[in-house]
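Peer 1: give me the fold of what follows.
(2 chains)
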Amino acid sequence: MIVAALGYLVYAGVSQSVVYFVTPSELGAAPVAGKAYRLGGMVTPGSVAWDAASLRLSFVLSDGRTSVPVRHTGTAPDLFGEGRGAVVEGTWSRDGYFQSSLIMAKHSEEYKAPHDGGEPGYKELIRTLRGDGATGKP
Amino acid sequence: MIPELGYAITATALLMAVWGAGAAAGSVRAGRPALLLSAERAAVGAWLGLTLAMLLLVYAFLTFDFSVRYVALNTNRGTPFYYRITALWGALEGSIVLWAWMLALYTLIAVRRYRRRQPELYPWVLAVLLGVLAFFLLVMTVPAPPFERLHPVPADGRGLNPLLEDSGMITHPVALYLGFTGFTVPFAFAMAALVTGRTGEEWIAITRRWTIVAWYFLSLGLLIGGWWSYHVLGWGGYWAWDPVENAAFMPWLTGTAFLHSVMIQERRRILRLWNLTLVILTFGLTLFGTFLTRSGIIGSVHAFTQGAIGHFFLGFLALVLLGAFSLLAWRVDRLRAQGELDSLLSRESMFLLNNLFLVAATFTVFFGTVFPLLSEAVRGVKVSVGAPYFNLVNIPVFLGLLLLMGVGPLIAWRRASWDNLRRNFVIPVAAGGGAALLARALGLGNLLVLTCLALVVFVAGAMTLDYVRAVGARRRSGDGWGAATWGLLRRQNRRYGGFVVHLGVLVIALGVAGSQAWSVQTETTVKRGEHVELAGYRVRFERLTASEESNHAKVTGVFTVANGNMRPATLLPAKKFYPQEQSPIAYVDYRLGLIEDVYLVLGDFARDGSHATIRLQVNRLVSWLWIGGLVLTLGTVLAILPDRRRPA
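Peer 2: Modelled structure (predicted):
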């Protein structure tokens, strides 16, 4: 009985709280309004707008092919910035933007020797973002 | 020079550990005590080698020897003195060195303690310990060498991850690793018991203190990790069901189960197979946790880099589980229980239920942690499983465990009579129910907190009742309260040590429930000279200041906090700008209190200092977590004191 109850809890818990990870292209292809997603991409340079008085933050996440406008309320985490990777959790709104409830910025631990410096391309960034999820605390 | 020397020392220590493991095992077959002596010398040699390697690395850090890649990555000329030492375990390679060194130290202690006292089990224990040590030395030699050379030698290093410049980083890894490595010793004894066929209660009695100490350090490591997360990361919480936290939590759960179920085996000679399984699982989970956090398959502050190290850990884990469970299967006919379960209403049943709950919690945490990996591997769909899942499945399990904490220690062995139940539980149940009703009447609406409160009062009541009766019995023989308590603690230190540990867990449980239910926060932009109000606190933004520290620049917000009861205080949350980092690091400031903490984060600011965006939190009962940790410490010390009743 206990095992059955536990099995149900696990099943219910997972089906309720599992969140799909999508790229801007995947989201753009088949957006479902109201469904929870984690969206990962690069913050398009020049797209970040911050209004301190209302705490409204908006920016565009892109994977090089598709761009998704994102809106968020509150300050972004420390590692957030233009031209860098970020993962946002939230829902797709019918009005054509992604409403974020949580921003997770990606921190690169990898040491970059001076000679192989230079910004990594979109592809690599997306790959690392997708490859190991994202770091961050709610 | 240092890279080459360090590498040579590591390789030599590896050879000694390998030789020692083989010699210790071989000494039994060959019947040659000289071989065992040689294995012991190898153990001492490996420990010396590791000590030397560690000192060498510390020396490289202190002298800024950037020809060592690890040093160049984790320090720079501005890194403060203390953090140059703790940078030793600030990243992957060094943390493996610390782990191996502790394991070597434990091995030496085992040699000292058991070479004469346990002649049958001892050679195998030594072989297993040295075998595990050899694995860690292999990791230090091949996939994660701490002494790798960096070409060309840079003028300055990159610097330590700024999040690790904190006192929590001095103690958290040390405590956690003492816990992880500590479970290697009971595991080694379990393996020795299986190999020699001495599968009775002997190995359990010998490793009782080891288990308690390992469990304690693991608990402490988790708590300090929570403290670090709370006051460094600045998100205002202490536990996020992050895979890294889960990785350390799983061995804690099975270790806790083991700690309880061995008591049943000692007393009733049942659960032999189960206890061996639990100790194998616990040890396996410490390796799995390291695999999970160090292989880079999940992202977190602890996941340093991707590389071959994941394969090494996975391979070793497979080897350990395969070997251990094969041994178990081989000896399964010796592991039949000598007693049996008499009744469902008995202490042993309650302990079994406790085990069931703990293992269930382990399973659900495991499932939630690896589900994203499985989903990606099997279906190619990347998903994440968040805190709601873990909370949903674990809260009922932990409430159940709280209940058992009250019932287990007081219910009779074998078969509880109604009389026994009435005598021990009527008053505590009434107290628990009464406390919940009273709190409800006082306006406490949160069902979870009420349930938790009822259970905590029930458990505390049951323990108090037991203590009062025991002291009362001693007082009848003429002792005063003080003397009676002291005598009780000394004579039954295991029982009352356990009680005190449980008390610590109760305090932590209240802290968790209260902080989840009652903490409040607000995020807002405030102009200079104006204030924000939250929960009776007025926080005024005075000004911004900037300063230059040894290895970073700092922008500090000056805020004054006041409410009716406290003297106005100044809070100084800041943003730190490290040259090696792409973005600033938030520095939280807070006032801790017994009932509530004021917690302030500087989010964003105008460069002219005219306004700042802040997150203000009033977190309730969080301090009870740290107080609970202190109580836990007292209880553990009491529980491992030498046993007065049955001298070892």
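
Peer 1: sec struct for the residue nearest the centre of chain A, please.
Peer 2: Closest to where the C-alpha atoms of chain A average out (C-alpha atoms, centre = their mean) is A:V87, at 2.0 Å. Under DSSP: H, G, I helix; E, B strand; the rest coil, the three-state class of A:V87 is strand.

Peer 1: so it makes contact with A:G40?
Peer 2: Yes: look at A:V87 against A:G40 with C-beta atoms under 8 Å: they come within range, at 4.3 Å. In this view, the C-beta of every residue, glycine as well, is placed from N, C-alpha and C.

Peer 1: stretch B:418-425: which residues count as buried?
Peer 2: For stretch B:418-425, a neighbour-count test (16 or more other C-beta atoms under 10 Å in any protein chain shown) marks B:L421, B:N424, B:F425 as buried.

Peer 1: for those, give me CSV that also has secondary structure.
Peer 2: Compiled in CSV, those are given as follows (three-state DSSP):
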residue, secondary structure
B:L421, helix
B:N424, helix
B:F425, helix
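
Peer 1: in the stretch 501-648 of chain B, where is pLDDT below threshold?
Peer 2: Under the criterion pLDDT under 70, the flagged ranges of the stretch 501-648 of chain B are B:643-648.

Peer 1: the same query, at a cut-off of 90, please.
Peer 2: Low-confidence segments of the stretch 501-648 of chain B (pLDDT under 90): B:546-554, B:563-568, B:576-586, B:603-609, B:641-648.

Peer 1: in it, which spans are strands?
Peer 2: B:520-527, B:531-534, B:537-548, B:553-562, B:569-571, B:574-577, B:585-587, B:589-591, B:596-605, B:611-620 (DSSP state E, counting those that start in this stretch).

Peer 1: including distance to B:S38 and mean neighbour count, could the ones you listed go into TSV?
Peer 2: TSV is the format used below for the strands of the stretch 501-648 of chain B (distance: least, C-beta to C-beta, whole Å; neighbours: other C-beta atoms under 10 Å in any protein chain shown):
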stretch	distance to B:S38	mean neighbour count
strand B:520-527	62	16
strand B:531-534	68	15
strand B:537-548	58	16
strand B:553-562	57	19
strand B:569-571	61	15
strand B:574-577	53	21
strand B:585-587	51	21
strand B:589-591	56	19
strand B:596-605	57	22
strand B:611-620	57	22
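
Peer 1: what mean pLDDT does whichever strand or helix holds B:E376 get?
Peer 2: Using DSSP states H and E, B:E376 sits in helix B:347-379. For helix B:347-379, mean pLDDT rounds to 89.

Peer 1: quick one: the helix or strand following it to chain centroid distance?
Peer 2: From helix B:347-379 onward toward the C-terminus, using DSSP H and E, the following helix or strand is strand B:383-385. In terms of C-alpha atoms, centre = their mean, to the nearest Å, the centre of strand B:383-385 is found 25 Å from the chain centre.

Peer 1: and the longest helix belonging to chain A, what does it pack against?
Peer 2: Counting by DSSP state H, the longest helix found in chain A is helix A:2-17. On a contact count with 3 or more C-beta pairs under 8 Å, 6 or more residues apart in numbering or on different chains; DSSP states H and E, helix A:2-17 meets helix B:347-379, helix B:387-407.

Peer 1: out of those, which gets nearest to chain A?
Peer 2: helix B:387-407 (4.0 Å; C-beta to the nearest C-beta).

Peer 1: CA atoms only for stretch A:6-24, dumped as CSV, please.
Peer 2: Extracted in CSV, the C-alpha atoms of stretch A:6-24 (Å, rounded to 0.1, in the frame of the first residue of the first chain):
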residue,chain,number,x,y,z
LEU,A,6,4.5,6.4,-3.2
GLY,A,7,4.4,5.4,-6.8
TYR,A,8,1.3,7.6,-7.3
LEU,A,9,3.1,10.5,-5.6
VAL,A,10,6.1,10.2,-7.8
TYR,A,11,3.9,9.9,-10.9
ALA,A,12,1.7,12.8,-10.0
GLY,A,13,4.7,14.9,-9.0
VAL,A,14,6.7,14.3,-12.1
SER,A,15,3.8,14.8,-14.5
GLN,A,16,2.8,18.0,-12.7
SER,A,17,6.2,19.6,-12.4
VAL,A,18,8.2,18.4,-15.3
VAL,A,19,9.2,21.4,-17.5
TYR,A,20,10.3,21.0,-21.1
PHE,A,21,13.4,22.6,-22.3
VAL,A,22,13.1,24.3,-25.7
THR,A,23,15.2,26.5,-28.0
PRO,A,24,13.7,29.6,-29.5
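
Peer 1: now what about that stretch, what contacts it?
Peer 2: Stretch A:6-24 is touched from outside by A:35-41, A:61-63, A:65-68, A:87, A:89, A:126, A:130, A:133, B:360, B:363-364, B:367-368, B:371, B:381-390, B:392-393, B:396-397, with contacts defined as C-beta atoms under 8 Å, 6 or more residues apart in numbering or on different chains.

Peer 1: hmm, try it at 7 Å
Peer 2: A:36-41, A:61-63, A:66-68, A:89, A:126, A:130, B:360, B:364, B:367, B:371, B:381-386, B:388-389, B:392-393 (C-beta atoms under 7 Å, 6 or more residues apart in numbering or on different chains).
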